[in-house]
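K.L.:
Got a predicted structure here, sequence first:
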Amino acid sequence: MSGRLFWFCVATVGYVYAGYPALLTVLARLRPSPSFAPPAELPAVTLLIAAYNEQQVIATKLENSLALDYPRDKLQILVAADGSDDATPTVVADFADRGVELSYRPERAGKLAAIVRALPQARGEIVVLSDANNLYDAGALRALVAPFVDPHIGAVTGAKVIAKGDGALGDSEGLYWKYESYIKRQETRLGSCTGAVGEIMAVRRFLLEQPLPPEARFMADDLAIAMHVLKQGYRVVYAPDARSIERVSASARDEQERRARIVAQRFVMMRHSHIMLPLTNPLLVWQIVSHKYLRPLVPLVMIGALLANLAAVVRPASQGGLARLAPPFNWIMLALQAVFYALAWVGGRSERRGMVGKVLYIPAFLVNGNRAALVGLYRFLTGRHTSLWNRVQRRERESSVSEQRAA
């Protein structure tokens, strides 16, 4: 029994991280690769920047936004700064003479609420959602709007790029987003992405103006909006040339806090699946379950694998070989798990750079991420999740967007 449980857990982890991407790749090859020609006429765009207590970075973000390669008469820059009790609204107001607009009220109700409240001020037919602590490549908006030539596309997500030079945490985070980028490419080719990157996401304004379910206020804004678009029968696609560059979290602890919050919000979506899922599209439901639902359950499965392995050591099977973890395979598998967790411990405390540092930190990144998922699950089960958008400290910017692109 312990052998079966162990291999079920191992197979589940393997499916989540490797099996699903592999199946996607095979299925995507049955579809033509999508290509989106630039529209004959660029649409009017509202760049809606959510900024909660971002006085240190908002001016840099606005300078970056004003320098984007997009016709100025077709670009509205609007900052939603609800709840900010620092100088963020004042800094934004200083850009009023350059056309930047502000949506602000002192009450804090969360990021999604701030976005929804700012929508009546939006004039663009396409609304691009962004954060204050990320910078866009000059051509990001043009790349984002290109897919909208297809009337069936309701939202477009860009690429999240982690800036160079943030050590092992930044290298591992960057590798993770390259992995996610690959999955989004395959999902797009198959038909639709299952999620979006909240700091670079374009949505048809009329879809955003449709009321979201009340349950969405406890979900991550990017996931809630993506599900809202899919539920209305539109596609979400990935535009890899629309690049958003961001510094990694200031520390592994800050990154775990961010992930715990996201996972708690993911469980909210799972609880309301009957409302949020596009149930008329079985293929898309399979993608969402595989990509979004199983990921937060991985730490439980990893614990199950360890407990099953320990049970196989305490009460070894008399026969059955590897399939039933009979000796010596029970000890071999336990040793492999011990090595993995030991590498995670070492990697979390290592500051080594280069390939060795990356190899050492990958187990730490996986373990830390799944530990954060357990924290998120605990918060969800105890009702401690919140709709408020908690700002996570980021590394200081040390280089420009053009320098990061060159890197």
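P.N.:
Alright, I've got the coordinates. Numbers count the residues shown, from 1 in each chain.
K.L.:
Could you check how far the nearest residue in space to residue 123 that is not next to it in sequence is from residue 122?
P.N.:
Leaving out its chain neighbours, the residue that sits closest to residue 123 by CB to CB, 6 or more residues apart in numbering is residue 76, at 5.4 Å. Every C-beta, even on glycine, is put in place using the N, C-alpha and C of the backbone. Distance of residue 76 to residue 122, computed by CB to CB, to the nearest Å: 7 Å.
K.L.:
Between those two, point out the one with more neighbours.
P.N.:
residue 122 (23 against 20; other CB atoms under 10 Å).
K.L.:
who's in contact with that one?
P.N.:
Residue 122 sits next to 46, 48, 76, 78, 205 when contact means CB atoms under 8 Å, 6 or more residues apart in numbering.
K.L.:
which SS class is residue 244?
P.N.:
Here residue 244 is strand, with the state taken from DSSP: H, G, I helix; E, B strand; the rest coil.
K.L.:
Can you tell me the closest non-neighbouring residue to it?
P.N.:
Excluding its sequence neighbours, the residue lying closest to residue 244 (CB to CB, 6+ apart) is residue 200, at 3.8 Å.
K.L.:
What of residue 212?
P.N.:
residue 228 (5.4 Å).
K.L.:
tell me which element that neighbour falls in.
P.N.:
For residue 228, the element it lies in under DSSP states H and E is helix 221-231.
K.L.:
counting contacts, what elements does that helix pack onto?
P.N.:
In terms of contacts (3 or more CB pairs under 8 Å, 6 or more residues apart in numbering; DSSP states H and E), helix 221-231 is packed against helix 111-118, strand 126-131, strand 153-162, strand 201-204, helix 205-208, strand 235-246, helix 252-271, helix 273-276.
K.L.:
before we move on, back to that, quick one: which of the contacts of residue 122 has the most company?
P.N.:
Among the contacts of residue 122, residue 48 has the most neighbours (other CB under 10 Å), with 27 neighbours.
K.L.:
Now do whichever strand or helix holds it: which elements does it pack against?
P.N.:
For residue 48, the enclosing helix or strand under DSSP H and E is strand 45-50. When contacts are defined as 3+ CB pairs under 8 Å, 6+ apart, strand 45-50 packs onto helix 58-66, strand 75-80, helix 111-118, strand 126-131, helix 140-145.
K.L.:
Comparing the ones you listed, which yields the minimum mean pLDDT?
P.N.:
The weakest mean pLDDT among these belongs to helix 111-118, with a mean of 92.
K.L.:
now the angle between strand 126-131 and it, please.
P.N.:
Counting by axes from the mean of the first three to the mean of the last three CA atoms, to 10 degrees, helix 111-118 lies at 140 degrees to strand 126-131.
K.L.:
rewinding a little: distance from the chain centre to the strand holding residue 48, please.
P.N.:
Using CA atoms, centre = their mean, to the nearest Å, the mean C-alpha position of strand 45-50 is found 19 Å from that of the whole chain.
K.L.:
Name the residues contacting each of residue 76 and residue 122.
P.N.:
residue 46.
K.L.:
So what's the residue count around the residue nearest to residue 244?
P.N.:
Neighbours of residue 200 under the rule other CB under 10 Å: 30.
K.L.:
tell me the contacts of it?
P.N.:
Counting by CB under 8 Å, 6+ apart, residue 200 touches 128-130, 134, 136, 140, 144, 157-160, 242-244.
K.L.:
what's the closest of the residues you listed to residue 89?
P.N.:
Nearest to residue 89 among the contacts of residue 200, counting by CB to CB, is residue 130 at 17.2 Å.
K.L.:
need the contact list for residue 89.
P.N.:
81, 102, 104.
K.L.:
Return the member of the residues you listed nearest to residue 318.
P.N.:
Among these, and counting by CB to CB, the member closest to residue 318 is residue 81, at 67.4 Å.
K.L.:
can you count the residues close to that closest one?
P.N.:
Applying other CB under 10 Å, we find 27 residues neighbouring residue 81.
K.L.:
List the residues that contact it.
P.N.:
With CB under 8 Å, 6+ apart, residue 81 has these contacts: 51, 52, 54, 88, 89, 92, 102, 103, 104, 114.
K.L.:
and if we set it to 10 Å?
P.N.:
49-55, 58, 88-93, 102-105, 114, 118, 132 (CB atoms under 10 Å, 6 or more residues apart in numbering).
K.L.:
Which among those count as buried?
P.N.:
For the contacts of residue 81, a burial check counting by 16 or more other CB atoms under 10 Å picks out 49-55, 58, 88-89, 91-93, 102-104, 114, 118, 132.
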